[in-house]
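Undergrad: Have a look at this prediction, sequence included:
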Amino acid sequence: MSVMKRVSLIFKAKANKALDKYEDPRETLDYSYQRQLEMLTQVRRGVADVATSRKRVELQMAKLQQDQTRLEGQAKQALGAGREDLAREALSRKASLASQYSDLETQYQSLQADEEKLTAASQRLQARVEAFRTQKETIKATYTAAEAQSRIGEAVSGISEEMSDVGLAVQRAQDKTAQMQARAGAIDELMASGALEDMTGTPRDDIQAELDQMRGGQDVELELQRLKGEIGAGSAGAIEGGPAGGAAPAQQPQAGESA
Amino acid sequence: MIVRILGEGQFDVDDSATDELNALDATLEKAVNAGDEAAFRPALAALLDRVRSLGRPVAADTIKPSDLIVPNSDADVAGVRDLLTNDGLIPG
């Protein structure tokens, strides 16, 4: 039998269970309505969960972006100081962050799509629940139990199908969100443990330390030159014209835009 | 007839489209039975596209059961098998 037919039969069986539950079909209406309200709450919670997850990924993306900018700055600084090895190291770390970033970006888009779908589903369900409530009151007011039977069948089956559909969508989103939260948690842990931080974030990371040390050495050198000048020893007096090319201030424009 | 795409909503499709949809569905069924993910994806996409283009969305305040139900667009073979074999998985 075809896929479409089989799926619809399974949904119908599910609806029939709900219909068979009560002797007075009008009770089925109230029971079903109760379930609809619960389902609406569940969908809204689902939307909120996905949104929370999305925001978390957003924060991580911002952090990774920052770290990449910092690494690029360090690479420039290192190049300016003639330290191509350091620049290379900074750029290779930046590249590994970039791949993490694009991974997060994919997750972000997928979460965003889920959020939109669930929001639309929740609006649809809301509209149908409203309509159901009206129908329910009409049926209860107008028909005897026997008459109500046939009227109720279609409404309850229809709304039950809708709830099953929305319920499945929430379930799918929750499964996916749980997976993503696990991954996001792993990245958070990495950041907290300093594994990512040491590489990039803190001012005391090793690349920065070496750059600072070089700058420190440079400052000492400049200070030395100044003192020598003051004493009037008359050596190579011009500060800028110092002999150590590598220690010149980092102004060379060719310092690569290698990003 | 009313066709539901899971996760998207219901569409009102003219009965005259039954044969065409059944043919697309047969391809999909074959892929599901064979567990052939590579064949499954385009088959599902083709069926969904046809339902969307032939059908008119059913108003949100209309409450009717569907004649046919198509799996969600991001489903995979395993997901559809779950749907077909285990109605306990359906919440609500």
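TA: Looks like it arrived, so ask away.

Undergrad: ok, which residues in chain B are in contact with chain A?
TA: Residues of chain B lying near chain A by CB under 8 Å from any CB of the partner chain: B:3-4, B:6-9, B:21-22, B:25-26, B:28-29, B:32, B:47, B:60-72, B:74, B:80, B:83-84, B:87, B:89-92. (Glycine included, C-beta is placed from N, CA and C.)

Undergrad: Just the buried subset of these, written out for PyMOL, thanks.
TA: Selection of the buried residues among the residues of chain B next to chain A in PyMOL, burial being defined by 16 or more other CB atoms under 10 Å in any protein chain shown:
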select buried, chain B and resi 3+4+6+7+8+9+21+25+28+29+32+47+60+63+64+65+66+67+68+69+70+71+72+74+80+83+84+87+90+91+92
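
Undergrad: Tell me which of the residues of chain B next to chain A fall in helices.
TA: Counted as lying in helices by DSSP state H, out of these, are B:21-22, B:25-26, B:28-29, B:32, B:47, B:80, B:83-84.

Undergrad: so can I have a markdown table of these showing distance to A:Ile187 and pLDDT?
TA: Formatted as a markdown table, these follow (distance: CB to CB, whole Å; pLDDT from 0 to 100):
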| residue | distance to A:Ile187 | pLDDT |
| --- | --- | --- |
| B:Leu21 | 44 | 94 |
| B:Asn22 | 47 | 94 |
| B:Asp25 | 42 | 95 |
| B:Ala26 | 45 | 94 |
| B:Leu28 | 38 | 95 |
| B:Glu29 | 41 | 94 |
| B:Val32 | 36 | 93 |
| B:Leu47 | 38 | 96 |
| B:Val80 | 32 | 90 |
| B:Leu83 | 33 | 85 |
| B:Leu84 | 37 | 84 |
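
Undergrad: And the furthest pair within those residues?
TA: Within those, two members stand farthest from each other by CB to CB: B:Asn22 and B:Leu83, at 18.6 Å.

Undergrad: quick one: is whichever helix or strand A:Ile10 is part of near chain B?
TA: Counting by DSSP states H and E, the element that carries A:Ile10 is helix A:3-20. Yes. Residues of helix A:3-20 contacting chain B under CB under 8 Å from any CB: A:3-8, A:10-15.
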